[in-house]
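Colleague: Pasting a predicted model and its sequence here:
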Protein chains: 2
Amino acid sequence: MADRPRTRLHLDTPLAAGQAAGLSGDQAHYLRGVLRQAPGDRLLVFNEAGGEWLAEIATLTKSGGTVAVLERTRPPAPCPDVWLLFAPLKGGRTEYVVEKATELGVARLCPVLTRRGDVPRVNLDRLRANAVEAAEQCERLSVPVVDPLADLDDVLDAWPDNPATRDRPLFVAAETGAAQPLAAAVTAATAAGGKAAFLVGPEGGLHPGELDRLAKTPFVVPVGLGPRILRADTAAFVVLALWQALAGDWTSAPGQDARPPFR
Amino acid sequence: MADRPRTRLHLDTPLAAGQAAGLSGDQAHYLRGVLRQAPGDRLLVFNEAGGEWLAEIATLTKSGGTVAVLERTRPPAPCPDVWLLFAPLKGGRTEYVVEKATELGVARLCPVLTRRGDVPRVNLDRLRANAVEAAEQCERLSVPVVDPLADLDDVLDAWPDNPATRDRPLFVAAETGAAQPLAAAVTAATAAGGKAAFLVGPEGGLHPGELDRLAKTPFVVPVGLGPRILRADTAAFVVLALWQALAGDWTSAPGQDARPPFR
């Protein structure tokens, strides 16, 4: 597929051959104003339910547009079921975590408020836009869910009763104490099933009260990330990369889709 | 060690009990102007040969100072012997790679000029300062070597004749072709010995001529990083994290040094 278009947009609408799909104002502006595209130009459109499709711009104005969906280029495929709970960080690092976690195939991003988290709010619209943009660039078929900021204690309270979490181990990045090395813990969890969640605390560390609670919580598994202190964003990348490599979808060989080699 | 000082500085001079060690002008400025410290205040000083020592500020002026080295807090310890070859990136991402690679225990950072690398120079002093700062923050005992920018072809030419590289496999992040999954390749390499190097190309990907050469090079091992396209900085973090977790120093339990838990 030498003429695979380089432009790739996530659309929320159902995708099927011969259908027209609408573009948002932002998407129309991006295609028209940034990429200088016009009706007749081709692009790829995708979502989790429909997979990825070749499409052609049908109409394009300043405020919107439509594409004609032509043929499917990739069928829908399940995303590994791994979640990241993280305390929002300063200085653009929250956006960086969202970008990298999306590339690393996270299914759900859960910003959590911890007692020492020094950023008490997130711009949810912006984080969701970051996730869409990263998904468009990294060949994902899905966009991770980004939850509103929630209190860590509330998240832990609800864990055992929620069908999506009650059988999901919560791995907590630990620096001391009875933690297993990350690789061993992830390998053991693989045998137990495909769901996982990771919690990475704020730069200042979790509060002793939070640590006490986590230590007594049956679904929590402390994991160790080696002898150096990792910044919070590094820890987030590391746990997701290890999980994908050992328990997720990196165990198959690359190159199943059309894309440039060795990039 | 409840009174472990929070300030931690890398010093190039030999460290031994009872010795005085000089501070650079930048270090003196940081201690005096940023941290508001004064003679009598304590800090940790470290380097690869000497390990980490408790020290006390003896003199401190605008332009320099000295510390008295008191007692050793950590003995010297070898750093895992893993190198990162990477094309410089735009928009601050080179500095980010240096910071994260240092946290992830890289021994040597080798910026390489590739045919499609779109950043043709690096500020070597700045990258070295980034590496020192990250080492000071992450509890490393060593600072990674940062090489000057070199042409990738020259680096490959010299590889078989240099005693430091001739028995060092060069893993190249691959997106298509006959690549092994990263975890399998790293595990196999562990059995063969402790040295490794990783090459991560520029955002635009390596040139077909570079790919041809790498494919024919006996010390090159192509490795796959899963089904999504990772940005170049993400790929750099991922290869180092996987290597440390599976072949480096993360296989021991955490908590051997005094530091806050669960950070």
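Modeller: Structure's in. What do you need? These figures come from a predicted structure and were not determined experimentally.
Colleague: So which residues of the stretch 151-263 of chain A form strands?
Modeller: With DSSP state E, counting those that start in this stretch, the ranges of strands along the stretch 151-263 of chain A come out as A:170-174, A:180-181, A:196-200, A:220-224.
Colleague: The last one vs strand A:196-200, what angle?
Modeller: Spelled out, that is strand A:220-224. 60 degrees (axes from the mean of the first three to the mean of the last three Cα atoms, to 10 degrees).
Colleague: average pLDDT for strand A:220-224?
Modeller: Averaging pLDDT along strand A:220-224 gives 92.
Colleague: Stretch A:103-123 too?
Modeller: On average, stretch A:103-123 scores 93.
Colleague: ok, now stretch A:180-197?
Modeller: Per-residue scores along stretch A:180-197 average to 82.
Colleague: quick one: that stretch near chain B?
Modeller: Yes - using Cβ under 8 Å from any Cβ of the partner chain, we find that stretch A:180-197 touches chain B at A:180, A:181, A:182, A:183. Every residue, glycine included, has its C-beta placed from N, CA and C.
Colleague: Tabulate the CA atom coordinates of that stretch in CSV.
Modeller: Extracted C-alpha coordinates of stretch A:180-197, given in CSV (Å, rounded to 0.1, in the frame of the first residue of the first chain):
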residue,chain,number,x,y,z
GLN,A,180,8.6,-7.7,43.8
PRO,A,181,10.8,-6.7,40.9
LEU,A,182,8.4,-5.3,38.2
ALA,A,183,9.3,-7.9,35.6
ALA,A,184,8.5,-10.8,38.0
ALA,A,185,5.3,-9.3,39.2
VAL,A,186,4.0,-8.6,35.7
THR,A,187,4.9,-12.1,34.5
ALA,A,188,3.1,-13.6,37.4
ALA,A,189,0.1,-11.4,36.8
THR,A,190,0.0,-12.5,33.1
ALA,A,191,-0.6,-16.0,34.2
ALA,A,192,-3.6,-14.8,36.2
GLY,A,193,-5.4,-12.9,33.4
GLY,A,194,-5.1,-10.0,31.1
LYS,A,195,-6.2,-7.1,33.3
ALA,A,196,-4.0,-4.7,35.1
ALA,A,197,-3.7,-1.2,36.6
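Colleague: chain center to it, what's the gap?
Modeller: Centroid separation for stretch A:180-197 versus its chain: 19 Å, with Cα atoms, centre = their mean, to the nearest Å.
Colleague: Now tell me what touches that stretch from outside.
Modeller: The contact list for stretch A:180-197 (Cβ atoms under 8 Å, 6 or more residues apart in numbering or on different chains) reads A:80-85, A:110, A:165, A:167-171, A:221-225, A:238-239, A:242-243, A:246-247, B:245-246, B:250-253.
Colleague: one more time with 6 Å, if that's ok
Modeller: A:81-83, A:168-170, A:221, A:223-225, A:242-243, A:246-247, B:245-246, B:250-251 (Cβ atoms under 6 Å, 6 or more residues apart in numbering or on different chains).
Colleague: Which one (most neighbours) among the residues of stretch A:180-197 next to chain B?
Modeller: The residue in the residues of stretch A:180-197 next to chain B with the most neighbours, by other Cβ atoms under 10 Å in any protein chain shown, is residue A:182 (29 neighbours).
Colleague: Which of the strands of the stretch 151-263 of chain A sits closest to residue B:205?
Modeller: strand A:196-200 (30.0 Å; Cβ to Cβ).
Colleague: before we move on, the earlier item: which one of the residues of stretch A:180-197 next to chain B is nearest residue A:92?
Modeller: Out of the residues of stretch A:180-197 next to chain B, the member with the shortest distance to residue A:92 (by Cβ to Cβ) is residue A:182, at 26.0 Å.
Colleague: For residue A:101, which non-adjacent residue is closest in space?
Modeller: Among residues not flanking residue A:101 along the chain, residue A:84 sits closest, at 5.2 Å (Cβ to Cβ, 6 or more residues apart in numbering or on different chains).
Colleague: What is the neighbour count of residue A:146?
Modeller: Residue A:146, neighbours per other Cβ under 10 Å, totals 23.
Colleague: now do the one 5 residues further on
Modeller: Look at residue A:151: counted by other Cβ under 10 Å, it has 12 neighbours.
Colleague: coming back round to it: in which helix or strand does the residue nearest to residue A:101 reside?
Modeller: strand A:82-86 (DSSP states H and E).
Colleague: Quick check: next helix or strand after that strand?
Modeller: helix A:93-103.
Colleague: and that following helix, what other elements does it pack with?
Modeller: helix A:124-138, helix A:232-246 (3 or more Cβ pairs under 6 Å, 6 or more residues apart in numbering or on different chains; DSSP states H and E).
Colleague: okay, these, which one's buried deepest?
Modeller: Among those, helix A:232-246 has the highest mean neighbour count (mean count of other Cβ atoms under 10 Å in any protein chain shown), at a mean of 27.
Colleague: Identify all contacting residues around it.
Modeller: A:82, A:86, A:89, A:93, A:96-97, A:100-101, A:104-106, A:173, A:182, A:186-187, A:196, A:198, A:200, A:203, A:225, A:250, B:100, B:103, B:182-183, B:226, B:237-238, B:241-242, B:245.
Colleague: among those, which ones are buried?
Modeller: By neighbour count, with 16 or more other Cβ atoms under 10 Å in any protein chain shown, the contacts of helix A:232-246 hold A:82, A:86, A:89, A:93, A:96-97, A:100-101, A:104-106, A:173, A:182, A:186, A:196, A:198, A:200, A:203, A:225, A:250, B:100, B:103, B:182-183, B:226, B:237-238, B:241-242, B:245 as buried.
Colleague: count of neighbours near the residue nearest to residue A:35 when sequence neighbours are not counted?
Modeller: Leaving out its chain neighbours, the residue that sits closest to residue A:35 by Cβ to Cβ, 6+ apart is residue A:7, at 6.3 Å. The tally of other residues near residue A:7 (other Cβ under 10 Å) stands at 16.
Colleague: my guess is residue A:7 meets residue A:43, correct?
Modeller: Yes - between residue A:7 and residue A:43 there is a contact under Cβ atoms under 6 Å: 4.0 Å.
Colleague: pLDDT weak spots in chain A?
Modeller: A:1-2, A:175-177, A:190-193, A:252-263 (pLDDT under 70).
Colleague: hey, where'd the helices end up in it?
Modeller: A:25-29, A:93-103, A:124-138, A:152-158, A:182-192, A:208-215, A:232-246 (DSSP state H).
Colleague: just checking, residue A:52 touches residue A:46?
Modeller: Yes - counting by Cβ under 6 Å, residue A:52 sits close enough to residue A:46 to count as a contact (4.0 Å).
Colleague: Those two: who's more crowded?
Modeller: Shown here are residue A:52 and residue A:46; by other Cβ under 10 Å, residue A:46 has more neighbours (26 against 22).
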